[in-house]
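1. sequence below, structure please.
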Amino acid sequence: MKLYELNEIVSRMITAENPQGLKGEACKAEDGVTKHFTRNLGKGWKMSPCIDILAGETATIMDVACEGMIQSMWMGGTLSRDLILRIYWEREEVPAVCCPLPDFFGNGFLNNIDQPFKSPFYPLNSQMVCINPNNALNCYWEMPFRKHCKVTIQNIGERTANFFYQINFCEKKISENAGYFFARFNRTNPVPFKENYVVLEKTEGNGLYVGTALSVGLNGSGGWWGEGEVKFFLDGDGEYPSLCTTGTEDYFCGGYDWDVGGKYTPYSTPYSGMFYLNTPDGLYNSQQRFAMYRWHVTDAIRFRKDIRVEMQDLGWYPNAEYKPRRDDFSSVAYFYLDKPSCPLKPLPDRAGLEI
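-> Alright, predicted model coming up:
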């Protein structure tokens, strides 16, 4: 569809003010969690811009029965890995999207649970996901569905989360060959010595692999850590993959250790980026942390039967030798599949997600 084409598509928006996104039902709320601030306004004004998600509670923020497509999502407020994003297609019991909220938006280290709205801001300016001032999370992955869509946010933390959201979707006819959107999280801390880190476990189906977000916390010795290759095992590959990159920074579209003038150099572009998130201060800020993204929008990796994605945790040592490392790797794999659900590895518990 061209932007300028006129058609029968119906635009809808889900918010705390209009939880079903119904026609003529926005701005009708008369109460909400911000009622102390809106006590002198009334219906038609900003009465319910957000929700509170209690500790241990799961909030359903979208539940619609129609044929259509999520076009964009905006989320903000209390942000940390205590909040888990899940998206279900066609009333399946297993979610297609299952990720800690910050990781889905490309920065697994984003955490303002102790001081909402006060965490350090690292802009991410890509075509598919962006993080804008002040830590506003935006997603532009297109997510088609044919009968039903449900989006939930689970709070696995110990405090109430104040949560803002807008989900823009449309009612439209979805083509027969449209795949369902998936995003799957994994974490291994530390990566076992001489073992590949698994970005995506073997997943069966016909589809497109469209992106990787990676958050890395360095463990142990210093030095350059990003020599690892990224391996794509496609359609029955055995011990060796069909596709393999030449190094971590190369896969994320950088080069030579991202070293400019002897310093890591962050970048954020439409399809790739890297952020250096922590400079050790000699005391409590002791671990270097990095967040990276690579969107395969113009070069999607196609598979017909199955896919598995792995990455090496490999460093470069002063004696001019590559050596495996034991770092903290967290990732999200983004892909489209010809079915609305597939087996899901359980997320780590809260302690297993903790930074």
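2. got the buried residues for stretch 49-58?
-> Pro49, Cys50, Ile51, Asp52, Ile53 (16 or more other Cβ atoms under 10 Å). (Each C-beta comes from the backbone N, C-alpha and C, glycine too.)
3. beta partners for the second one?
-> Same thing as Cys50. Note on Cys50: beta-bridge partners by DSSP bridges are Phe164.
4. let's have the buried residues of stretch 49-58 in a markdown table, adding distance to Cys130 and pLDDT.
-> As requested, the buried residues of stretch 49-58 are arranged in a markdown table below (distance: Cβ to Cβ, whole Å; pLDDT from 0 to 100):
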| residue | distance to Cys130 | pLDDT |
| --- | --- | --- |
| Pro49 | 21 | 86 |
| Cys50 | 20 | 89 |
| Ile51 | 23 | 94 |
| Asp52 | 26 | 94 |
| Ile53 | 23 | 96 |
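5. so who does the residue nearest the centre of the chain touch?
-> The central residue of the chain, meaning the one whose C-alpha is nearest the mean C-alpha position (Cα atoms, centre = their mean), is Phe104 at 1.1 Å. The contact partners of Phe104, taken as Cβ atoms under 8 Å, 6 or more residues apart in numbering, are Leu85, Val97, Val129, Cys139, Ala183, Phe185, Ala213, Val332.
6. roughly how far apart are the fifth one and Phe104?
-> Using Cβ to Cβ, to the nearest Å, Ala183 is found at 6 Å from Phe104.
7. joint contacts of those two?
-> Shared contacts of Ala183 and Phe104, counting by Cβ under 8 Å, 6+ apart, come down to Val97, Val332.
8. if we can go back for a sec, go through the buried residues of stretch 49-58 and name the one nearest Ser242.
-> Nearest to Ser242 among the buried residues of stretch 49-58: Ile53, at 42.4 Å, using Cβ to Cβ.
9. now the buried residues of stretch 49-58 as a markdown table including distance to Asn189?
-> Converted to a markdown table, these look like this (distance: Cβ to Cβ, whole Å):
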| residue | distance to Asn189 |
| --- | --- |
| Pro49 | 36 |
| Cys50 | 32 |
| Ile51 | 32 |
| Asp52 | 31 |
| Ile53 | 26 |
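10. in terms of pLDDT, where does the residue nearest to the centre of the chain sit?
-> Model confidence at Phe104, given as pLDDT, is 98.
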